[in-house]
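**Q** Generate coordinates for the sequence data below:
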Amino acid sequence: MKENADKRGYLTEDFRLFYLKDDRGATVGYHYHEFYKLVFLLSGSGSYTVEGRHYQLIPGDIVLVGSRCVHKPQFEPGFNYERVILYISPELLRAGSSEDFLLEHVFAGKKGHVLRSGEEFRRKMLSMTSQLEGEMAGRKPGASILARCTLFRMLVTIGREMDRTDVSPAGPAAPKDEKILEILRFLDTNLTEDISIDELASRFYISKYHMMRRFREETGTSIHTYLSEKRLLLARELIRSGATATEACFQSGFRSYSAFSRAYSKLFGVTPTGRMTMQPLPDDAIE
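**A** So this is what the prediction gives:
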């Protein structure tokens, strides 16, 4: 398939991290990279095709693309497509490997190219990516060493999770229930409003217990967790844009600063006042 795919992207460092959010969808054709790529889907509904295997994705999924693996993302416009992307050099993976753990094997695809796990693991990954981003932006001596160690820790954690016998490979699990899709659209466009489960069920003419069950089946998480994490991601974006922690709290839909601060610290591993900056965005980092 490589003869029909374009080589894309560049990497001059050991690794790079990008945080991307848009609603334009993904229109990238089949292509490959010389480096390794990890995509952590934060929100959105779509798919990734890697080496001929097609994966329907839900938020929390981790896509693992090996060096020279042909792949293509497919995300429809109109939905927020939010993700963390890591580009990692083959040399760094080889240098960080040990006899009992080869980091390149995490991307080998033997158990598939998509890892889907539970809420606890998703929160752990959010915390690690936030920590990694902060260390990459750090100016203190040794920041680059800490960043590299955190990246290795992430990859080992992912590898161990993939080896668990009770973790099923990702399958076709993107939301298909039109009612749940309508609810997701409503939540995304009314994220900062005070939304209760009863009001949501009433608005969409559905039993709240049936709604909560179907929502978890279709998205892999609860409505409360989905709302909380989306608001926290919005708050982090506001803080990055220069808002104070207090402003970000109330502008993202939280009603209590203490509850917001606890949830933010638990999810990202840093307090809301710990400022973080995004890495520069290259023209081709749109996947």
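**Q** would you list every one of the strands in the stretch 51-200 of the chain?
**A** Ranges of strands in the stretch 51-200 of the chain, per DSSP state E, counting those that start in this stretch, are 53-57, 62-65, 71-75, 81-88, 114-115.
**Q** gap between the second one and the chain center?
**A** Centroid separation between strand 62-65 and its chain, computed with C-alpha atoms, centre = their mean, to the nearest Å, is 10 Å.
**Q** pull the longest helix from this protein.
**A** helix 143-163 (DSSP state H).
**Q** if we can go back for a sec, now the strands of the stretch 51-200 of the chain as JSON lines including mean pLDDT, distance to residue 123 and mean neighbour count?
**A** No exception for glycine: its C-beta is placed from N, CA and C like everyone else's. Shown next, in JSON lines, are the strands of the stretch 51-200 of the chain (pLDDT from 0 to 100; distance: least, C-beta to C-beta, whole Å; neighbours: other C-beta atoms under 10 Å):
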{"stretch": "strand 53-57", "mean pLDDT": "82", "distance to residue 123": "18", "mean neighbour count": "18"}
{"stretch": "strand 62-65", "mean pLDDT": "94", "distance to residue 123": "13", "mean neighbour count": "24"}
{"stretch": "strand 71-75", "mean pLDDT": "85", "distance to residue 123": "23", "mean neighbour count": "21"}
{"stretch": "strand 81-88", "mean pLDDT": "92", "distance to residue 123": "14", "mean neighbour count": "22"}
{"stretch": "strand 114-115", "mean pLDDT": "91", "distance to residue 123": "15", "mean neighbour count": "24"}
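**Q** can you tell which of those strands is closest to residue 105?
**A** strand 62-65 (10.3 Å; C-beta to C-beta).
**Q** Name the residues that touch the closest one?
**A** 33, 36-41, 48, 50, 55, 57, 71, 106-107, 109, 113-116, 125, 158 (C-beta atoms under 8 Å, 6 or more residues apart in numbering).
**Q** Direction included, what does that strand pair up with?
**A** Sheet neighbours of strand 62-65, with direction, are listed as strand 36-43 (antiparallel), strand 114-115 (antiparallel) (DSSP bridges).
**Q** got TSV for those, with distance to residue 248 too?
**A** What follows is the strands paired with strand 62-65, written out as TSV (distance: least, C-beta to C-beta, whole Å):
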stretch	distance to residue 248
strand 36-43	17
strand 114-115	30
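**Q** quick one: which of these is nearest residue 28?
**A** Closest among these, using C-beta to C-beta: strand 36-43, at 12.0 Å.
**Q** quick one: average confidence on the closest one?
**A** Per-region confidence: strand 36-43 scores 93 on mean pLDDT.
**Q** Was I right to think residue 226 contacts residue 187?
**A** Yes - counting by C-beta atoms under 8 Å, residue 226 sits close enough to residue 187 to count as a contact (6.8 Å).
**Q** the more surrounded of the two?
**A** Each of residue 226 and residue 187 has its neighbours counted (other C-beta atoms under 10 Å); residue 226 has more, 20 against 17.
**Q** what's the distance between the more buried one and residue 210?
**A** Going from residue 226 to residue 210 by C-beta to C-beta, to the nearest Å gives 17 Å.
**Q** Just give the number of residues close to residue 263.
**A** Residue 263 has 19 nearby residues by other C-beta under 10 Å.
**Q** let's number from 745 now, not from 1
**A** Taking 745 as the first residue, the last one we looked at is residue 1007.
**Q** What strand or helix carries it?
**A** Taking DSSP states H and E as the criterion, the element that holds residue 1007 is helix 1001-1012.
**Q** Next, the residue nearest to residue 1001 when sequence neighbours are not counted: secondary structure please.
**A** Once flanking residues are discounted, residue 1001 sits nearest to residue 993: 5.0 Å by C-beta to C-beta, 6 or more residues apart in numbering. With DSSP: H, G, I helix; E, B strand; the rest coil as the basis, residue 993 sits in helix.
**Q** and the gap between residue 1014 and residue 761?
**A** Taken as C-beta to C-beta, the span from residue 1014 to residue 761 is 15 Å.
**Q** Mind checking which of the two has more residues around it?
**A** In terms of neighbours (other C-beta under 10 Å), residue 761 is the more surrounded of residue 1014 and residue 761; the figures are 20 against 17.
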